[in-house]
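In: Quick one, structure for this:
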Amino acid sequence: MEKILIGLDRDGTIIKDVGPLGKEKNWHEQIEFLDNAINGLRWFNTDKRIKLMVGTNQSWVAYGDYSENNVKEVHESLDKILQSNGVVVNSWQYCPYVSIDYAIEHGINLENNYVLSKSDSRLRLRKPEIGMLEKAAEEWGLELKDFSKIFFIGDRESDVMTGINAGGIGILINPKIKCKYYMEPGNITARNLYEAAEWIMKRV
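Out: Numbering: from 1, shown residues only. All right, here's what the predicted structure looks like:
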């Protein structure tokens, strides 16, 4: 059976971007799913060929705002909420690492264990690199080449480029655009996750 991989950014794509989610004691109260996001995810689950993964850059860990355990706790909570709404996400991935150049530019302590040299292979996890997609595929006993179609949906250019770098399509979520969606070389723009799902599901 044909295999399709759909990667999704987390903040600003599935849930509202509130900064370092998991830092505050009341972080559960900060979770807010974006309009129709759950319906879009549920639509993907109707096709048995599709594997869903969430991949999020979490540089807040490198900043010291919270720990990897906080990220994992947030993902466990989100996963439970989604499952209770009939949505299955097959893999949750995150990247806590930043390059030394990024750290210098953003004032992050260079002695931090999450600040890596450019040559460190762990930076491959950071979007727009495709390491999180590869890691998810590995969890399933697969490689990216085993998927006939790959998409990555997110609200940043790095998300679009992740899809393109994986040999697939990047979809930019941009609520400010007036048209429903349109296609440019290598990327598609949609107003929300549901609209992105609509575009994909008509073509797979």
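In: In the chain, which helix is the longest?
Out: helix 68-84 (DSSP state H).
In: Please work out which residues outside stretch 19-34 touch it.
Out: For stretch 19-34, contacts defined as CB atoms under 8 Å, 6 or more residues apart in numbering pick out 11-16, 18, 60, 63, 65-66, 70-71, 73-74, 77-78, 81, 192-193. Heads up, the C-betas are built off the backbone N, CA and C, glycines and all.
In: Give me the buried positions along it.
Out: 20-22, 27, 30, 33-34 (16 or more other CB atoms under 10 Å).
In: Quick one: residues contacting Ile171.
Out: 151-154, 159-160, 163, 187-190, 196, 199-200.
In: Apply 10 Å and report the result again.
Out: The contact partners of Ile171, by CB atoms under 10 Å, 6 or more residues apart in numbering, come to 6-8, 13, 151-154, 159-160, 163, 181, 183, 187-190, 193, 195-197, 199-200.
In: Could you verify my assumption that Val61 touches Val74?
Out: No - using CB atoms under 10 Å, Val61 is not in contact with Val74, being 11.6 Å away.
In: List buried members of the contacts of Ile171 by neighbour count.
Out: Using 16+ other CB under 10 Å, the buried ones in the contacts of Ile171 are 6-8, 13, 151-154, 159-160, 163, 181, 187-190, 193, 195-197, 199-200.
In: The residue nearest to Gln58 when sequence neighbours are not counted sits in which helix or strand?
Out: Nearest residue to Gln58 in three dimensions, chain neighbours excluded: Tyr94, at 4.7 Å (CB to CB, 6 or more residues apart in numbering). Assigned by DSSP states H and E, Tyr94 belongs to strand 91-95.
In: what are the pairing partners of whichever helix or strand comes after that strand, and which direction each?
Out: Downstream of strand 91-95, the first helix or strand assigned by DSSP H and E is strand 98-99. Its sheet considered, strand 98-99 pairs with strand 115-116 (parallel) by DSSP bridges.
In: shaky segments in the protein?
Out: Residue ranges of the chain with pLDDT under 70: 175-187.
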